[in-house]
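Student: okay, sequence plus prediction incoming.
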Amino acid sequence: MRPVEDVIAENKAKKGKARPEKSFTRNFQASGESQIRRRDLENGGYKPYPVRAFVWDLMAYLDSRVIGQQAAKKAITGTLLQYIRHGVRQPVLLIGGTGCGKTHLINTAADWLLKNVARVHFASRNTSYLTPEGWHGEDFSETVSHCFGDYQAPNDFYVLHLDEIDKIMMPSHNSADEDVNAQTCSQIMNALSGEDCRLGGVDWSRVLCICTGAFEWLAKEREKYAMENRTPAGFGRAESEAAQPTERQLLERAGVMKELLGRFASITRLDPLDEKAMLQILNLSAEDGGLLATQRALFEKEGVRVVLAPDAKEWIAARAAVDAHGARSISTILHDCLGPEQLVNAILRGQKTIHITGKEGLKDEQRDHISRC
């Protein structure tokens, strides 16, 4: 019988040996220490990008241009870090109502990546019009073939944003529509898994997919879940609310294929924008993508100055929050107040200043004419 000391020493030696990491991609950063390469704009080359600096810089850039949504920002940052540093593909699904900033978040992250990180390629496609081959519309393999081309550099990184994916994941009561969506979802599943797949001439084993969708039809499923799992009131006991289900559970209850949901490593819901968030959006500068600042800059380029009343921003934010269409409500209100028609009228009249007043500074007929501003 072997001495106990020898067995312990052997186990320690085995634990000390570095085990090879499981490879999620084929021939992708298989050797050497993986590093993030930062663009060196001064010298025109590349230099190492420390991990901590990568995370801080990307999060700071997102915070300056995207209001709130911290959970989604961290999910996207962590996913991109693991993909670019280690080649680990973890598809992400972002869920949120219209105007909450899903697409804006992805485009902002892509804008930062293309400016600061070397060898990164980004493409975005709207999946709402995708159909199987032979149907009216565009086939998934056809649309993705235009994303990155037939050639993919061996050490480059490819990120694909699939927007409006809820339109094809939506359960249908029509058998024909259900078959169409099922075939398209099957192609997307192959792309998300990426294992030994060259759909549309693209090597999906080296493409990171980030999907976004509103999934408005999940609200009914959430209400059903709350009603089914609510504890009724009894003797000496008040009625209690059910625990909130996860987005993955709601999607499964709604009839979305489990095989498709299983391809997503992370499913994150974005919060709806409240009045405070609307006001923060209005206070953004033009450099950070502020809607109001950008619109005012366009008017000032034509020699027309825009003056806001002290309560104008608060009134616009309150009306946008009531409309419940997120940042798109702000765009609609600003278009009514500072749209092309108002600019032409000011130029024709020789008007050098436009005053935007708040709710208290307008009469009823003026408020109706200016439309909520």
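Tutor: On my side now, so go ahead.
Student: helices of the stretch 51-200 of the chain, start to end?
Tutor: All helices of the stretch 51-200 of the chain, identified by DSSP state H, counting those that start in this stretch, fall at 51-65, 70-86, 102-116, 140-148, 166-169, 175-193.
Student: ok, now which ones touch the closest residue to residue 289 other than its chain neighbours?
Tutor: The shortest distance from residue 289 to any residue other than its chain neighbours is 5.3 Å, reached at residue 65 (C-beta to C-beta, 6 or more residues apart in numbering). C-betas here are computed from N, CA, C, even on glycine. Applying C-beta atoms under 8 Å, 6 or more residues apart in numbering, one finds that residue 65 lies in contact with 104, 108, 284, 288-289.
Student: and residue 65, how far from residue 317?
Tutor: 18 Å (C-beta to C-beta, to the nearest Å).
Student: centre-most residue in this structure?
Tutor: The central residue of the chain, meaning the one whose C-alpha is nearest the mean C-alpha position (C-alpha atoms, centre = their mean), is residue 102 at 3.5 Å.
Student: would you check that that one makes contact with residue 93?
Tutor: No. In this structure, residue 102 is not within contact of residue 93 by C-beta atoms under 8 Å, at 10.2 Å.
Student: joint contacts of these two?
Tutor: 212-213.
Student: and residue 322, how far is that from residue 93?
Tutor: When distance is defined by C-beta to C-beta, residue 322 is 29 Å away from residue 93.
Student: quick one: which of those two has more around it?
Tutor: Neighbours around residue 322 and residue 93, counted as other C-beta atoms under 10 Å, are more numerous at residue 93. The numbers are 28 against 11.
Student: what about that one, distance to residue 146?
Tutor: The gap separating residue 93 from residue 146 is 23 Å, by C-beta to C-beta.
Student: just residue 162 next, same as before
Tutor: When residue 162 is compared with residue 146 (using C-beta to C-beta), they lie 14 Å apart.
Student: which strand or helix spans residue 273?
Tutor: In the assignment (DSSP states H and E), residue 273 maps to no helix and no strand.
Student: burial check on it, number of neighbours?
Tutor: When neighbours are counted by other C-beta under 10 Å, residue 273 registers 27.
Student: so what's the residue count around the closest residue to residue 112 other than its chain neighbours?
Tutor: Among residues not flanking residue 112 along the chain, residue 61 sits closest, at 4.6 Å (C-beta to C-beta, 6+ apart). Look at residue 61: counted by other C-beta under 10 Å, it has 20 neighbours.
Student: quick one: residue 61 and residue 298, what's the gap?
Tutor: Shown here: residue 61 relative to residue 298, a distance of 24 Å by C-beta to C-beta.
Student: okay then, goodbye and thanks.
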